[in-house]
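Asks: sharing a sequence plus its predicted fold:
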Amino acid sequence: QQKVQQSPESLSVPEGGMASFNCTSSDRNFQYFWWYRQHSGEGPKALMSIFSDGDKKEGRFTAHLNKASLHVSLHIRDSQPSDSALYFCAAYNYAQGLTFGLGTRVSVFP
Amino acid sequence: EAAVTQSPRNKVAVTGGKVTLSCNQTNNHNNMYWYRQDTGHGLRLIHYSYGAGSTEKGDIPDGYKASRPSQENFSLILELATPSQTSVYFCASGDAGLSGNTLYFGEGSRLIVV
């Protein structure tokens, strides 16, 4: 069973709109969560990390963590064509390192 | 920004042949990793290293060997390549901290085994 599950698998959002997607872990050993973004033909790049309950905002990106339910979400405000990419959630603990989900593919259309 | 360089970027190999994928990082990171990416499986960890001379098995090590001869270089070796090893391979480097581990990935090596 996938320890880090992401939903939806894909979504389309109009330019200027809000993109929102989710990540859930089934393992309470995970202490920290990361979001990585991968554009087509490139390697993944770290977007942001979140360790505490609540929201963390970086520019147009806001991550939300609920530690009790091990649920993380990422919201992209004012989506741009350059935001079209595969977004990975990754959960971390010291013993296992990073475990990645399968990703959510975001397409921003004009 | 951290720089991780992989070679070759594209490779076609024959079944049963030997393939070596190379990775170089210029960031003086202790930890290096090899992942493969396949549709429906995401990123899966093959081998990793804590420093020169060390290699550890990840989640899917079967059919792969790794070598870390120096801080900068980490290689993935397929002694007897099989078609099931057709994939995109990513190398990454990073340093673990108390709050996690930012990984810096290379651009990937696309391997096709025929």
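Replies: Here it is on my side, so go on.

Asks: residue 59: neighbouring residues, count only.
Replies: Reading this off chain A. By the criterion of other CB atoms under 10 Å in any protein chain shown, A:Gly59 has 10 neighbours. Every C-beta, even on glycine, is put in place using the N, C-alpha and C of the backbone.

Asks: try again with chain B
Replies: 12.

Asks: what parts of chain A come near chain B?
Replies: A:31-32, A:34, A:36, A:41-46, A:49, A:51, A:88, A:92, A:94, A:97-98, A:100-103 (CB under 8 Å from any CB of the partner chain).

Asks: hmm, 6 Å instead?
Replies: Residues of chain A lying near chain B by CB under 6 Å from any CB of the partner chain: A:32, A:43-44, A:46, A:49, A:51, A:92, A:98, A:100, A:102-103.

Asks: separate out the buried members of these.
Replies: A:32, A:43-44, A:46, A:49, A:92, A:98, A:100, A:102-103 (16 or more other CB atoms under 10 Å in any protein chain shown).

Asks: which single one of those residues is nearest to B:Phe105?
Replies: A:Gly43 (3.3 Å; CB to CB).

Asks: can you tell me the SS state at the closest one?
Replies: Assigned with DSSP: H, G, I helix; E, B strand; the rest coil, A:Gly43 falls in the coil class.

Asks: now it: closest residue in space that isn't a chain neighbour?
Replies: B:Phe105 (3.3 Å; CB to CB, 6 or more residues apart in numbering or on different chains).

Asks: circling back to that earlier point, among the buried ones among the residues of chain A next to chain B, which two are most distant?
Replies: A:Tyr32 and A:Gly43 (20.9 Å).

Asks: all strands for chain B, in order.
Replies: Secondary structure of chain B, counting by DSSP state E: strands at B:4-7, B:10-13, B:19-25, B:31-38, B:42-49, B:56-57, B:65-67, B:73-78, B:87-94, B:104-105, B:109-113.

Asks: just the buried ones among the residues of chain A next to chain B now: which is nearest chain B?
Replies: Nearest to chain B out of those is A:Gly43 (CB to the nearest CB; 3.3 Å).

Asks: which stretches in chain A count as strands?
Replies: So, for chain A - with DSSP E - the strands run A:4-7, A:10-14, A:19-25, A:32-38, A:45-50, A:54-58, A:61-66, A:71-76, A:85-93, A:97-100, A:104-109.

Asks: neighbours of B:Phe74, just the number please.
Replies: 29.

Asks: that one and B:Gly63, how far apart?
Replies: Going from B:Phe74 to B:Gly63 by CB to CB, to the nearest Å gives 17 Å.

Asks: near chain A, which residues of chain B show up?
Replies: B:42-43, B:90, B:99-102, B:105-108.

Asks: which stretches of the chain have low pLDDT?
Replies: Here I'm looking at chain A. A:1 (pLDDT under 70).

Asks: look at chain B instead
Replies: B:1-2, B:96-100.
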